[in-house]
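> Mind folding the following:
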Amino acid sequence: MKQNKNLSVAVLIDDDNASPEKIEDVMNFVACYGNAVVRRIYGDWTRKPLLGWKDIAKEYGFRMVQASSYTTGKNTTDIALVIEAMDILHGGQTDSFCLVASDGDYTMLAQRIREAGQVILGYGESKAPLALVRSCSEFLFSDRKEIKASENTPEFFLRRDLEYFDKAFELASDSKPEVSLSLIGGALKKLMPKFKVKRYGCKTLGKLYEKLDKYELVKTEKGIASAVRLKP
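Numbering: from 1, shown residues only. Have a look, this model is predicted:
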């Protein structure tokens, strides 16, 4: 993604799955795109484990939004964050967002912001679901140094080669909604001569595309995957 340093960004942090030690990295990431106009951290501030956030929030000018847990075992932080994100979106306060979270529950929020024509940045751990990562305009992994140490994992190769899978579908589709797996396989061989589906932790090409979340399989009457199409 081409960086635009003139964006006004709303930085929203879910403190239940983010570390205060990463706040400087978050702000440096946001600074590559623009100015963090709105800065908010969401959590139940009556909980002792969150005390480490308080000094950091003050140092970096974040508003600490109280998200009280009214029912034991239920997390209201994500609900509070989503509600305020929609208020900010409709209020026109910013033209972009940065969600600091690794929770897949934020996927629909990221998609909604993107569909509104705004830039949506993501920041979280490598455990973040692929659907959330791909719903963002740009996603920075907080544990990227650790990821480099394990670059031979199927997940690493899957993330690295995402653009090739999309390109193969585009080349093979010829503007058709459904594309046979054989045509996609042929396109991938041209794009990546050494392509092997096992490298990505999958037994078949159909399973690989299904794993990408963006696509769904088209099956025959006998239940055999024969083609791929984009999810509606």
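
> Identify the residues contacting F139.
L121, G122, Y123, G124, A128, L132, V133 (CB atoms under 8 Å, 6 or more residues apart in numbering). To be clear about C-beta, it is placed using only N, CA and C from the backbone, and glycine gets the same treatment.

> Would you verify that the first one is located in a strand?
So that's L121. Yes: under DSSP: H, G, I helix; E, B strand; the rest coil, L121 sits within a strand.

> how deep is it tucked in, by neighbour count?
Using other CB atoms under 10 Å, the number of residues around L121 comes to 26.

> and it, what does it touch?
9, 29-30, 33, 96-99, 136-140.

> Of the contacts of F139, just say which sits nearest to K48.
G124 (23.6 Å; CB to CB).

> Do you know the pLDDT at the residue lying closest to D103 once chain neighbours are set aside?
Of all residues not flanking D103 in the chain, N17 sits nearest, at 5.5 Å (CB to CB, 6 or more residues apart in numbering). On pLDDT, N17 comes in at 80.

> Local confidence estimate at the residue nearest the centre of the chain?
With distances taken as CA atoms, centre = their mean, V133 lies nearest the centre of the chain, 2.1 Å away. Looking at V133, its pLDDT is 89.

> V9 now?
pLDDT, V9: 96.

> just checking, it touches V100?
No: with contact defined as CB atoms under 8 Å, V9 does not reach V100; the gap is 11.4 Å.

> Which of those two has more residues huddled nearby?
V100 (27 against 23).

> So in terms of bridging, what pairs with that one?
Taking DSSP bridges as the rule, V100 bridges to I13, Y123.

> And it, how close does it get to L188?
Distance of V100 to L188, computed by CB to CB, to the nearest Å: 34 Å.

> now swap in A67 and tell me
A67 is 45 Å from L188, where distance means CB to CB.

> Lowest-scoring secondary structure element of this structure by mean pLDDT?
Across the helices and strands of the chain, the lowest-confidence element by mean pLDDT, DSSP states H and E is helix 144-148, at a mean of 62.

> Mind listing what's buried along the longest helix anywhere in the chain?
With secondary structure taken from DSSP state H, the chain has its longest helix at helix 77-91. By neighbour count on 16 or more other CB atoms under 10 Å, the buried set for helix 77-91 is T77, D78, A80, L81, V82, E84, A85, I88, L89.
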